[in-house]
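S.K.: Here is my input; please provide its structure:
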Amino acid sequence: MSFDRLPDESALFRICFVCTGNICRSPMAESIFRDIATRAGYDGVISVMSAGTGDWHVGERSDERTISALAQHGFDGTSHRARQFDPDWFDRLDLVVAFDRSHERILKAWASNPADRSKVHLLLSFDPEQQQLDVPDPYYSDAALFDSVLRMIHQASAALFRQIEPAVRRGVS
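M.R.: This is a model prediction of the structure:
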């Protein structure tokens, strides 16, 4: 069984959310952003995936606290399986979203050219209401931080969608 799912190249816009192990923050964002895009009628038009910078959890489900926090907010994260980001994906992606500056540095180091480096952005940079750059890692914390992180990710994902939606809409029309 392989967990190296590639971006859907038939999609008009392809995005990958990348955290450390792909079991907490990035699967939250993948579920939330996919839901936002689907509700807006862009299912199949926007390809959404997630990955980690590390390989520690490849093939594993999301952390149970991630699944629980998602379920409490009406999202289903049960089918997710962790995978590691592959730098070869840059060619197939339009946007690579990092959750903190360490992910951003790693991803930019993996990018082989300026065009690929320009695809890497911090999630919170899309949310004008945020006062910080990094989404905290809830892994070593409690359910309350998972819920707080989910709310932060949801707000920033909605802001990101509002920024890309006009261009996607033009591409669909």
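S.K.: What is whichever strand or helix holds residue 33 packed up against?
M.R.: In the assignment (DSSP states H and E), residue 33 maps to helix 25-39. Here helix 25-39 touches strand 13-19, strand 46-52, helix 64-72, helix 143-172, going by 3 or more Cβ pairs under 8 Å, 6 or more residues apart in numbering; DSSP states H and E. For every residue, glycine as well, the C-beta is placed using N, CA and C.
S.K.: Show me what that helix is in contact with.
M.R.: 15, 17-19, 43, 45-46, 48-52, 62, 66, 69-70, 75-77, 80, 82, 97, 99, 123, 135, 137-138, 149-150, 153-154, 157-158, 160-161 (Cβ atoms under 8 Å, 6 or more residues apart in numbering).
S.K.: buried sites along it?
M.R.: 25-37 (16 or more other Cβ atoms under 10 Å).
S.K.: Using CSV, list the CA coordinates for it.
M.R.: Extracted in CSV, the C-alpha atoms of helix 25-39 (Å, rounded to 0.1, in the frame of the first residue of the first chain):
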residue,chain,number,x,y,z
ARG,A,25,-1.8,20.5,11.7
SER,A,26,-1.6,19.7,8.0
PRO,A,27,-4.3,17.0,8.0
MET,A,28,-6.6,19.5,9.8
ALA,A,29,-5.9,22.1,7.1
GLU,A,30,-6.4,19.5,4.3
SER,A,31,-9.8,18.5,5.7
ILE,A,32,-10.9,22.0,6.3
PHE,A,33,-9.7,23.5,3.0
ARG,A,34,-11.2,20.6,1.0
ASP,A,35,-14.5,21.2,2.7
ILE,A,36,-14.4,25.0,2.0
ALA,A,37,-13.5,24.3,-1.7
THR,A,38,-16.2,21.6,-2.0
ARG,A,39,-18.9,23.8,-0.4
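S.K.: can you give me the angle that helix makes with helix 143-172?
M.R.: On the basis of axes from the mean of the first three to the mean of the last three Cα atoms, to 10 degrees, helix 25-39 is oriented at 40 degrees to helix 143-172.
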